[in-house]
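Asks: Fold the following and give me the result.
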Amino acid sequence: RHLARQGRRRIGFLGRRDTATADAALRGYRRAIDDLTLVDLPGAVVRRDSWDDAALADYAHRARSAGLDGVVCLGDREATALLPHLRRVGLSLPDDLALVAFDDEEAADAPLPLTAVSPPKREIGRLAASTLLRMLGRGGDRTPVRMLLQPVVRERASSARAQPRVLQPLA
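Replies: Just a heads-up that it's a prediction; the model follows:
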């Protein structure tokens, strides 16, 4: 939604397959593409168990040839490692392409600070511990508990389009 609000319409997904959130992140991406009626570019969706330099370079070329104007990356390390490859193929961030990472563990410290979807990890841990203690206090009652916690988007330089500067006349 963050990218769509900026007018981005050709958004790709670079992800991992081997994390606890990998499938949910891909489902969220696909749902957003459908809900926001964005261009569905199946070739712009790539998931791997791990990303090396050759695979990242290939994705950067794919992004350029597909005319992507946004990419969502699962996770911060992959997004950070993708940055130099995007520059090498001539894409300027965030003017040509906006990049959003999912995790927000290292995003702020990237060479170009990355906009990131930041899951509420502390709150998840706090609620898990609280739920466990409550269950133990009830003699091990294992009644299922479902909670929905929303992540926040922390906007940084990788997706923030520069505001046009107003030049003052010389005196």
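
Asks: Can you check which helix is longest in the protein?
Replies: Scanning the chain for the longest helix, with DSSP state H as the assignment, gives helix 121-137.

Asks: any weak-confidence spans in this structure?
Replies: Residues of the chain meeting the criterion pLDDT under 70: 161-171.

Asks: the helices in it, which residues?
Replies: The residue ranges that make up the helices of the chain, judged by DSSP H, are 2-5, 22-35, 53-66, 76-88, 121-137.

Asks: Compare those and give me the one nearest Asp103.
Replies: Comparing the helices of the chain against Asp103 with Cβ to Cβ, the closest turns out to be helix 76-88 (4.8 Å). Any C-beta I mention is one placed from the backbone N, CA and C, and that applies to glycine too.

Asks: quick one: buried residues of the closest one?
Replies: Burial within helix 76-88, assessed by neighbour count using 16 or more other Cβ atoms under 10 Å, is assigned to Asp76, Arg77, Glu78, Ala79, Thr80, Ala81, Leu82, Leu83, His85, Leu86.

Asks: which helices and strands does it pack with?
Replies: Packed against helix 76-88 by the contact rule (3 or more Cβ pairs under 8 Å, 6 or more residues apart in numbering; DSSP states H and E) you find strand 11-16, helix 53-66, strand 70-74, strand 98-102.

Asks: Relative to the whole chain's centre, how far out is it?
Replies: Remark: helix 76-88 is offset 13 Å from the chain centroid, using Cα atoms, centre = their mean, to the nearest Å.

Asks: what's in contact with it?
Replies: Applying Cβ atoms under 8 Å, 6 or more residues apart in numbering, the contact partners of helix 76-88 are 14-16, 51, 53, 56-57, 59-60, 63, 71, 73, 93, 97, 99-107, 110-112, 114, 116, 158.

Asks: From the residues you listed, list just the buried residues.
Replies: Buried by 16+ other Cβ under 10 Å: 14-16, 51, 56-57, 59-60, 63, 71, 73, 93, 97, 99-104, 107, 110, 112, 114, 116, 158, out of those.

Asks: returning to what we had before: could you dump the helices of the chain into CSV with distance to Val46 added?
Replies: As requested, the helices of the chain are exported to CSV (distance: least, Cβ to Cβ, whole Å):
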stretch, distance to Val46
helix 2-5, 17
helix 22-35, 11
helix 53-66, 6
helix 76-88, 11
helix 121-137, 26
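
Asks: Cool, thanks, talk later.
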